[in-house]
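**Q** Need a 3D model of the sequence below.
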Amino acid sequence: MPRADEERQNPVALIVQKYGGSSLENAERIRRVAERIVETKKKGHDVVVVCSAMGDTTDEFLDLAAQVNPVPPAREMDMLLTAGERISNALVAMAIESLGAHAQSFTGSQAGVLTTERHGNARIVDVTPGRVQEALDEGKICLVAGFQGVNRETKDVTTLGRGGSDTTAVALAAALNADECEIYSDVDGVYTADPRIVHNARKLDTISFEEMLELAAVGSKILVLRSVEYARAFNVPMRVRSSYSTDPGTLVTGSMEDIPVEEAVLTGVATDKSEAKITVLGIPDTPGEAARIFRAVSDAEINIDMVLQNVSSLSDNKTDITFTCPRADASRAVEMLKKLCEVPRDENPTVPVSDTPADAAKASMQPGSGASESAATAQPRVLFDDHVGKVSLVGAGMKSHPGVTADFCEALRDAGVNIELISTSEIRISVLIRDSDLEKATRALHERFALGGDEEAVVYAGTGR
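**A** Next up, the predicted model:
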C-alpha cells in the first residue's frame, strides 16, 4: 500500500499533525517526533503541529491541584492545565530547530482558537489563524498548543475537555484548508477491536465518517467524538497513524452512502467501561413524567446514552425508567433525581377518561381511588449500578445484511453473557452487560463476525491512544 504522502494528488500539501501524550512522554520521544515533522517538511509540505501534554502531565497537574485545594476554581484550573501543552510544544519546537528547520510555537489563543466561556469543557466557536498563516508563509513549521483556546468576551483561557487536542487539530485543518489532518498515537490506525483485548484485531485501511462517529460514541478511544464531528462537518480527511512506525494508518473520510451495498461490511467491535446505570422505579405512567426526569438530568449537563422504559403495571399504573450516563456524573445524577422524586406533585391530578378496561384499571389506581391510594402515591426510588460495561458492533453492512442482531445475541449467549439493555442505530448494536464480562463478550463478537486478521496487532506504548 502506498505511503500517505505518496497518495496525495498535489506534490506540495498543507498537513496538520497531532501528537498525543504517549508520543511525547520523554526527551527521546520528542526528538523522534521532531525528526518525523522535519522529514514531512523536507518533502515540500507545509506543516502545522498540535501537541498534547507530555505523558501523564495533565493527570499530575490534576493531582497537584487537588492537594492544594479540594475544589479549585475552574478558571485557575484551566490556567494550570494549559501549561502542559505549552511545555510540550515549546520543547518540540526546540528539537525541530536543533535539526536545522525553523519552527514557531503558539498558544491556543495566539493561534486564534476562540471558544465558549465554559471552563473545563469549552467548545470551539471559531478559528482565526492569521498568525499561524503568516508563519507558514515565512516557511516555518508551526506548533500550536492543543486542548485550549480563549473566550472572545472574557479574554480568559479555556480548555476543551479530554481529547481536546484532537479537536484543536481538526479545527485548525478546517480553518487553514489543510489537505489532511494526521492524528498520531501509539497504534497503527483504527482496528476492528481494541488490540489490547483482541490480539488479532485487524487494522482498517479506510473508514467512513459515520462509522467512525459510531465507534467513537460507543467507546473507541482512538479518536475523540467531537473531533470526528468537526471533521465530518468541514469535510476534513483524518488519518490515524502511529508515531512509532511508518505505517500509512487508517484514512477517515467520505460517507457510508458512497459504499456500494455489496461491499458494505461490519467495521468493528467497541467497548466502554466508563458508564453507570441508573434506574428510577415507580414513576407514574402519565404524560410529562419522563420529560420531568430527563429535563432535570439535562439541566445538570449530564449526557444520557442508553434508555429503557418498561411497560407500566396495570395494578398501580407505575413504570420504571433505566438509563446510562458517564460514571463520573452518576453520583450527581442520583442525588439530583432523589431530590426530584421527593418534590410533591399536584394534590389533585387530572384523571383521564377511561376508554378501555385497561384504562379503567389504571384510572382506578389514581390517587383518591380508595384501597390502592397508598401504592399510587408512593414516591419513586432511584437505583445505581456502576458495575456495567457496553459492547457495540458497528458497520455500514448492518443495513444490508439480515440476521446480524440474531448472530450478535447468539454469540453472547454462547459466551454465557447476559444482556441487560439493548440500543440500536442504523449501523450499530449496543448492549449493556456486566463489566466483568466485557472482554469475553468482545472476543466472542469479534470471532462470530470474522473480523480478525492474520497478524497480531501492536500497541507500541501500551495505552491504545
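**Q** Leaving out the residues flanking it, which one is nearest to Phe209?
**A** With sequence-adjacent residues excluded and distances taken as Cβ to Cβ, 6 or more residues apart in numbering, Phe209 is closest to Arg232, at 4.0 Å. Where you see a C-beta, it was placed from the backbone N, CA and C, and this is true even at glycine.
**Q** Going along the chain, name the strands of the stretch 1-150 of the chain.
**A** Listed in chain order, the strands of the stretch 1-150 of the chain (DSSP state E, counting those that start in this stretch) span 14-19, 46-51, 103-106, 113-115, 124-127, 141-145, 148-151.
**Q** show me the residues around the residue nearest to Phe209 that make contact.
**A** Residues in contact with Arg232 (Cβ atoms under 8 Å, 6 or more residues apart in numbering) are 209-210, 213.
**Q** Okay, strands next: where are they in the stretch 301-450 of the chain?
**A** 307-309, 318-326, 381-385, 388-394, 421-425, 428-434.
**Q** Show me what counts as buried in stretch 389-400.
**A** 389-398 (16 or more other Cβ atoms under 10 Å).
**Q** Looking at the contacts of Arg232, which are in strands?
**A** Judged by DSSP state E, those include no members of strands.
**Q** Let's have the residues you listed in JSON lines, adding distance to Val12 and neighbour count.
**A** Converted to JSON lines, these look like this (distance: Cβ to Cβ, whole Å; neighbours: other Cβ atoms under 10 Å):
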{"residue": "Phe209", "distance to Val12": "26", "neighbour count": "21"}
{"residue": "Glu210", "distance to Val12": "31", "neighbour count": "22"}
{"residue": "Leu213", "distance to Val12": "31", "neighbour count": "21"}
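**Q** Just the ones of those in helices?
**A** 209-210, 213 (DSSP state H).
**Q** Let's have the strands of the stretch 1-150 of the chain in TSV, adding distance to Glu39, mean neighbour count and mean pLDDT.
**A** Output for the strands of the stretch 1-150 of the chain, formatted as TSV (distance: least, Cβ to Cβ, whole Å; neighbours: other Cβ atoms under 10 Å; pLDDT from 0 to 100):
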stretch	distance to Glu39	mean neighbour count	mean pLDDT
strand 14-19	11	25	97
strand 46-51	10	28	97
strand 103-106	14	22	97
strand 113-115	27	26	97
strand 124-127	27	18	96
strand 141-145	11	29	97
strand 148-151	27	25	96
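**Q** For Asp188, which of those strands is the nearest?
**A** With Cβ to Cβ as the criterion, Asp188 lies closest to strand 14-19 of these, at 14.9 Å.
**Q** What strands line up against that closest one, and which way round?
**A** strand 46-51 (parallel), strand 180-185 (parallel) (DSSP bridges).
**Q** can you list these in CSV and add distance to Arg443?
**A** Converted to CSV, the strands paired with strand 14-19 look like this (distance: least, Cβ to Cβ, whole Å):
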stretch, distance to Arg443
strand 46-51, 35
strand 180-185, 23
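**Q** Looking at those, spot the one closest to His119.
**A** strand 46-51 (20.7 Å).
**Q** Next one, pLDDT for the one residue sitting closest to the centre of the chain please.
**A** Nearest to the mean C-alpha position of the chain, by Cα atoms, centre = their mean, lies Leu225 at 3.9 Å. Model confidence at Leu225, given as pLDDT, is 91.
**Q** Excluding chain neighbours, what is closest to it?
**A** Leaving out its chain neighbours, the residue that sits closest to Leu225 by Cβ to Cβ, 6+ apart is Ala216, at 4.2 Å.
**Q** now for the one helix or strand the one you found maps to, which elements pack on it?
**A** Assigned by DSSP states H and E, Ala216 belongs to helix 209-217. In terms of contacts (3 or more Cβ pairs under 8 Å, 6 or more residues apart in numbering; DSSP states H and E), helix 209-217 is packed against helix 225-234, strand 388-394.
**Q** which residues touch the residue lying closest to Val113 once chain neighbours are set aside?
**A** Of all residues not flanking Val113 in the chain, Gly149 sits nearest, at 3.6 Å (Cβ to Cβ, 6+ apart). Residues in contact with Gly149 (Cβ under 8 Å, 6+ apart) are 108-109, 113-115, 122, 124, 157-158, 160, 168.
**Q** Let me have those residues in JSON lines, adding distance to Ala175 as columns.
**A** As requested, the contacts of Gly149 are exported to JSON lines (distance: Cβ to Cβ, whole Å):
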{"residue": "Gly108", "distance to Ala175": "13"}
{"residue": "Ser109", "distance to Ala175": "14"}
{"residue": "Val113", "distance to Ala175": "9"}
{"residue": "Leu114", "distance to Ala175": "11"}
{"residue": "Thr115", "distance to Ala175": "14"}
{"residue": "Ala122", "distance to Ala175": "17"}
{"residue": "Ile124", "distance to Ala175": "10"}
{"residue": "Val157", "distance to Ala175": "19"}
{"residue": "Thr158", "distance to Ala175": "17"}
{"residue": "Leu160", "distance to Ala175": "15"}
{"residue": "Thr168", "distance to Ala175": "11"}
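**Q** Nearest to Val297 among the residues you listed?
**A** For those, the closest approach to Val297 (Cβ to Cβ) belongs to Ala122, at 21.4 Å.
**Q** Export the helices and strands packed on helix 209-217 to TSV and append columns for distance to Ala66.
**A** Below are those laid out as TSV (distance: least, Cβ to Cβ, whole Å):
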stretch	distance to Ala66
helix 225-234	26
strand 388-394	27
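**Q** Looking at the ones you listed, which is nearest to Asp285?
**A** For the helices and strands packed on helix 209-217, proximity to Asp285 was assessed by Cβ to Cβ; strand 388-394 is nearest, at 25.4 Å.
**Q** Give me the neighbour count for Thr286.
**A** The local packing of Thr286 (other Cβ atoms under 10 Å) involves 17 other residues.
**Q** Nearest to Met336 among the contacts of Arg232?
**A** Ranked by distance to Met336 (Cβ to Cβ), those are led by Leu213 at 29.1 Å.
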